[in-house]
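Student: quick one: sequence plus predicted model below, questions after.
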Amino acid sequence: MTQLERRANAALTILILLQLTMLSALYAGIEPHPPVATPLFGIAPFIGASISIALAAIIVTPLGTITGRVLSVVAALMAMASFGPQKYFDAQIGMIWPAVGLGQMAALVIGASVLLSCRPIGKMGDSGWKTAAKAV
């Protein structure tokens, strides 16, 4: 496992734990917690789907395959519904800023790791360019 893969796994784990904490606060009714529903969907099923996608990305290796990269990016984008820049305008920002900041940093690490893992390095081999994620 490369350092790049470790960073992506760590960032995905951060998103999973932050979202599990939010979901637990929602179920326990502890403030601050996410709203029960949004105009588009119920928040608990959305967080559950987001956690599931992040966990699936870890299982299939977040940078080792196209599937892993896609799942990693989708997990980061879904987490932005909870931790995106729109949260700076939330009335509860004074209480949620640590989670918002950490969630945004984790999403940035995932995005950067995916981009860096796709860059060609070395010489062209039998199966095409080596990528940073597969380099030893």
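Tutor: Structure received.

Student: how many neighbouring residues does I51 have?
Tutor: Using other C-beta atoms under 10 Å, I51 has 21 neighbouring residues. C-beta: built from backbone N, CA, C; applies to glycine.

Student: if I look at it, how far off is A91?
Tutor: Using C-beta to C-beta, to the nearest Å, I51 is found at 25 Å from A91.

Student: kindly report the same for I14.
Tutor: Look at I14 and A91: by C-beta to C-beta, they are 25 Å apart.

Student: of those two, which one has the most company?
Tutor: Ranked by neighbour count (other C-beta under 10 Å), I14 and A91 place I14 first, with 20 against 8.

Student: the more buried one reaches G103, doesn't it?
Tutor: Yes: here I14 reaches G103: they are 7.5 Å apart, a contact under C-beta atoms under 8 Å.

Student: list the contacts of the residue nearest to the spatial centre of the chain.
Tutor: The C-alpha lying nearest the average C-alpha coordinate of the chain belongs to A76 (C-alpha atoms, centre = their mean; 3.2 Å). Going by C-beta atoms under 8 Å, 6 or more residues apart in numbering, A76 touches A11, L15, A106, A107, I110, G111.

Student: for stretch 109-116, C-alpha coordinates in CSV please.
Tutor: Coordinates of each C-alpha in stretch 109-116 appear next as CSV, following Å, rounded to 0.1, in the frame of the first residue of the first chain:
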residue,chain,number,x,y,z
VAL,A,109,-7.5,14.7,0.2
ILE,A,110,-9.7,12.2,-1.6
GLY,A,111,-10.0,14.4,-4.7
ALA,A,112,-6.2,15.1,-4.8
SER,A,113,-5.3,11.5,-4.2
VAL,A,114,-7.6,10.3,-7.0
LEU,A,115,-6.1,12.9,-9.4
LEU,A,116,-2.5,12.1,-8.4
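
Student: not counting its neighbours along the chain, what's nearest I14?
Tutor: Among residues not flanking I14 along the chain, A106 sits closest, at 4.2 Å (C-beta to C-beta, 6 or more residues apart in numbering).

Student: isn't there a helix covering P39?
Tutor: No: assigned with DSSP: H, G, I helix; E, B strand; the rest coil, P39 falls outside any helix and is coil.
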